[in-house]
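>>> Below is the sequence, then the predicted model.
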Amino acid sequence: MKRRLTLSILGIVAATLVIAGFGTLLFARVGARNAAEQELKSQADSTADLVEVGQSRAARISNNLQSFFCGNPDLSGLNAAQQAAFRKAKNEVCSTPDQQSVTDAQSRVCTELMNRFAAAYGNQVSERRKAFCANPNTATLDAFQSAYCASTVSPADGRNKARLDSAKRVLCNRRSTSPPASNNIEETLSKEEIVLVEIQPDGTLAQGRLPSDLDLTLVDPTRLRNDETVSGSTGGNVFAAAPVGAPTPPNENVRAILIERPANTISDSLQWFLMAAGFTLVLGAVVAAWLSRALTNPLRRATNMTKLIADGDLSSRLPEHPSKEGKPHARRDELDDLAQSINSMADSLERSRGLERQFLLSVSHDLRTPLTSIRGYAEAIADGAAPDPQQAASVIMGESRRLERLVKDLLDLAKLESREFSLQLSPVDIVEVADDSVEGFRREVEAAGLRLDMTAPPAPVLAQADPDRLQQVIANLIENALKHANTAIAVTVADDTLHPRIEVADDGPGFAPEDLPHVFERLYVASHEPKRKETGSGLGLAIVRELVGLMGGHVRAEANPAGGARMVVELRPAPAAPPSRAGPAPLRRAADDDQPMPAT
């Protein structure tokens, strides 16, 4: 059990750690991913604002340069070399971005290499290339780029493939309307792993390149055109895209800042969790071992003690909890209750063994005494030595009746304790039953020089009982009072709606307080010896307890306020209407075997 208990506690601790730990790590991962998305959204918004401000300033500087160079400044103060340099700078500054883009594209598209492989890209790409090379302008360039950049064909190998791919990257990532500072901005952002992209109305990229694990459906260009910042996650990364500038119409390209970062991992947290879990399991193992020992040791002691008791050692007792000795109000646990229950059981068994031994001694004495008397008188009659044979026969008859009563009471008590005794319960007027019992004992009580009084209400008092057995109960109580009374015995019937009650009191020495719980045990010897010699079997009160219990009532012994002892029998009230006053026949102490005899 100790091993199972330890393993069970460790299993519970481990399961709790797994559920709580991995649940916490899961929530931490989700929280970290959300926090990373919010951080990237904020960073993308800030970067987009900075790009927009930078491009605005670059545009203003470009306009100022153009207003200076593209006017007609006076060059008379410059020499010929200076004037030539000024005119060269003027041509570069004053040429439009569109002209620069068209010229650059023409140098890459209208080449012999592109002419050799143009047909491999498809008829549409080949025809638009011819149109652009024949009439280079922004319209023919845009038409060629839309077809060329959408093609996935790679027609060459080796060095030619590298040259074609390089030309395609330049052409497809260039924005014809980009300000002159756009390339510098892209270079600066790329150092921070930030991408400036431009998305065309048809959903294709006009500038920039998306990370390999992202596509435009995740970036959602529609929301970017509405000036919304987009964020999300893909694989182990999180991303955010913020539009640059004001909301963009659907027919124009939208520019956006795109940032992608790995999601915050929980590897460090997992390591610390595993370390904490290992320490917790070790601590749990120590606590489980201590707790299992603390729980199983008392149980093992209890098991050993019950084995000793089962083997007949009824003097063995479990020790009390040492920390609770001398503390009556200390909180008790289930193990303390178990130890107390086993000790109480041992006390009861030891006491029952003593009572059983006393019972056997008493019964053997009660059997031996009349048998000795019967044998002596029978031998005297047989030898002709009896002076009065008739008197000897009378003694033999009386002693045989005493033996008969003792055997009968023993049989009745055995049946009662084994619950094999049948009763006929019905509504009974206990006043009439008590009156019959009192009258049956009046002559014997008066012969002993005592007074027998009865007090009862004038109306019937109904109870649910067996009339014959109730009469036997009252007779046994009166006979017990007859042993101890000094001057009088009082029988009282009380009409209690909850518990009809019969009381039998005497004015004898009464019972000591320590005797009261044991009065109804068979052959119990009280502190005070009876005043008169016992004529019954000594089992009367034990039979009273069993009979009253079978009838659904209870009996108790208490001190009589006027002195002496009082026996109180409480019965169940009868549920039916009162029966006739016919009642059971009076119980008399008859002199022959044909009349009923109360068990004593």
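Looks like it arrived, so ask away.
>>> Tell me how many other residues crowd Q471.
Using other Cβ atoms under 10 Å, the number of residues around Q471 comes to 26. Where C-beta positions appear, they are placed from N, C-alpha and C, glycine not excepted.
>>> That one sits in which helix or strand?
In this assignment (DSSP states H and E), Q471 forms part of helix 467-484.
>>> Show me which residues of that helix are buried.
467, 469-484 (16 or more other Cβ atoms under 10 Å).
>>> Walk me through which strands the following helix or strand past it pairs with, and which way each runs.
Using DSSP H and E, the helix or strand that follows helix 467-484 towards the C-terminus is strand 488-494. In the sheet, strand 488-494 lines up against strand 451-455 (parallel), strand 501-506 (antiparallel) (DSSP bridges).
>>> Strand 488-494 to helix 467-484, inter-axis angle?
Going by axes from the mean of the first three to the mean of the last three Cα atoms, to 10 degrees, strand 488-494 is angled at 150 degrees with respect to helix 467-484.
>>> got the CA positions of strand 488-494 in PDB?
Taking Å, rounded to 0.1, in the frame of the first residue of the first chain, the C-alpha atoms of strand 488-494 are listed here in PDB:
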ATOM      1  CA  ALA A 488     -42.700   0.600  48.900                       C
ATOM      2  CA  ILE A 489     -42.800   0.000  45.200                       C
ATOM      3  CA  ALA A 490     -44.600   2.500  42.900                       C
ATOM      4  CA  VAL A 491     -45.900   1.700  39.300                       C
ATOM      5  CA  THR A 492     -46.800   4.800  37.200                       C
ATOM      6  CA  VAL A 493     -48.400   5.000  33.800                       C
ATOM      7  CA  ALA A 494     -47.900   8.400  32.000                       C
END
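>>> name the helices or strands packed onto the helix holding Q471?
strand 426-429, helix 430-447, strand 488-494, strand 501-506, helix 540-550, strand 565-570 (3 or more Cβ pairs under 8 Å, 6 or more residues apart in numbering; DSSP states H and E).
>>> List the buried residues in the longest one.
So that's helix 430-447. 430-438, 440-441, 445.
>>> quick one: what helix or strand has S344 in it?
helix 334-383.
>>> and the following helix or strand past that helix with helix 334-383, angle?
For helix 334-383, the following helix or strand on the C-terminal side (DSSP H and E) is helix 389-417. Here helix 389-417 runs at an angle of 160 degrees relative to helix 334-383 (the same axes, to 10 degrees).
>>> Who are the packing partners of helix 389-417?
In terms of contacts (3+ Cβ pairs under 8 Å, 6+ apart), helix 389-417 is packed against helix 334-383, helix 540-550.
>>> now it: mean pLDDT?
When pLDDT is averaged over helix 389-417, the result is 77.
>>> now do stretch 543-558
Here the average pLDDT along stretch 543-558 is 89.
>>> starting at the chain centroid, how far to that stretch?
45 Å (Cα atoms, centre = their mean, to the nearest Å).
>>> Pull up the distance across that stretch, start to finish.
18 Å (Cα to Cα, to the nearest Å).
>>> For this structure, which segments count as strands?
194-199, 205-207, 230-234, 237-243, 254-262, 426-429, 451-455, 462-465, 488-494, 501-506, 554-559, 565-570, 572-573 (DSSP state E).
>>> Comparing these by mean pLDDT, which bottoms out?
Looking at these, the bottom one is strand 205-207 with a mean of 77.
>>> Going by contacts, tell me the helices and strands next to it.
strand 194-199.
>>> who does the strand it packs on pair up with?
In the sheet, strand 194-199 lines up against strand 205-207 (antiparallel), strand 254-262 (antiparallel) (DSSP bridges).
>>> Now those in JSON lines, please, with extra columns for distance to V195.
Below are the strands paired with strand 194-199 laid out as JSON lines (distance: least, Cβ to Cβ, whole Å):
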{"stretch": "strand 205-207", "distance to V195": "10"}
{"stretch": "strand 254-262", "distance to V195": "4"}
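>>> Of the ones you listed, give the one that comes closest to L403.
strand 254-262 (105.2 Å; Cβ to Cβ).
>>> in that closest one, what counts as buried?
Neighbour-count burial for strand 254-262, counted by 16+ other Cβ under 10 Å, picks out 254-260.
>>> Show me which residues of stretch 288-295 are buried.
Across stretch 288-295, burial judged by 16+ other Cβ under 10 Å covers 288-289, 292.
>>> Check stretch 384-404 too.
Here stretch 384-404 shows 386, 392, 395-396, 399, 402-403 as buried, counting by 16+ other Cβ under 10 Å.
>>> ok, back up a step: let me know the closest of the buried residues of helix 430-447 to A20.
Out of the buried residues of helix 430-447, the member with the shortest distance to A20 (by Cβ to Cβ) is I430, at 69.2 Å.
>>> Does that closest one touch E503 like I think?
No - applying Cβ atoms under 8 Å as the test, I430 and E503 come out as separate, 11.4 Å apart.
>>> Which neighbours do those two have in common?
Here I430 and E503 have V493 as joint contacts, going by Cβ atoms under 8 Å, 6 or more residues apart in numbering.
>>> If we ignore the residues flanking it in sequence, what's nearest P262?
Nearest non-adjacent residue to P262, counting by Cβ to Cβ, 6 or more residues apart in numbering: N237, 5.5 Å away.
>>> who's that neighbour bridged to?
Going by DSSP bridges, N237 forms beta bridges with T234, P262.
>>> cool, and the one 5 residues further on?
Applying DSSP bridges to A242 gives these bridge partners: I257.
>>> Spit out the contact partners of it.
41, 44-45, 47-48, 224, 229-230, 256-257.
>>> A380 too?
A380 makes contacts with 386, 392, as judged by Cβ under 8 Å, 6+ apart.
>>> Please repeat the previous calculation with a cut-off of 10 Å.
386-389, 392 (Cβ atoms under 10 Å, 6 or more residues apart in numbering).
>>> same deal with N115?
So N115 contacts 109, 126, 129-130, 133 (Cβ under 10 Å, 6+ apart).
>>> Tell me, how many residues neighbour G11?
Count around G11 with other Cβ under 10 Å applied: 12.
>>> From T24, how far out is it?
Distance, G11 to T24, by Cβ to Cβ, to the nearest Å: 20 Å.
>>> cool, and V195?
As judged by Cβ to Cβ, V195 and T24 stand 35 Å apart.
>>> neighbour count winner among those two?
The neighbour comparison of V195 against T24 (other Cβ under 10 Å) goes to V195, with 21 against 13.
>>> Would you check that the more buried one makes contact with L258?
Yes - V195 lies in contact with L258 (Cβ atoms under 10 Å); the separation is 4.4 Å.
>>> which neighbours do these two share?
189, 208-211, 214, 239, 241.
>>> PyMOL command to pick out the buried ones of these?
To isolate in PyMOL the members of the shared contacts of V195 and L258 that are buried, counting by 16+ other Cβ under 10 Å, one can use:
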select buried, resi 189+208+210+214+239+241
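>>> Of all pairs in the shared contacts of V195 and L258, which one spans the longest distance?
L189 and L214 (16.2 Å).
>>> domain ranges for the chain?
The chain breaks down into these domains under automatic domain parsing: 1-76+178-296, 95-173, 334-415, 423-573.
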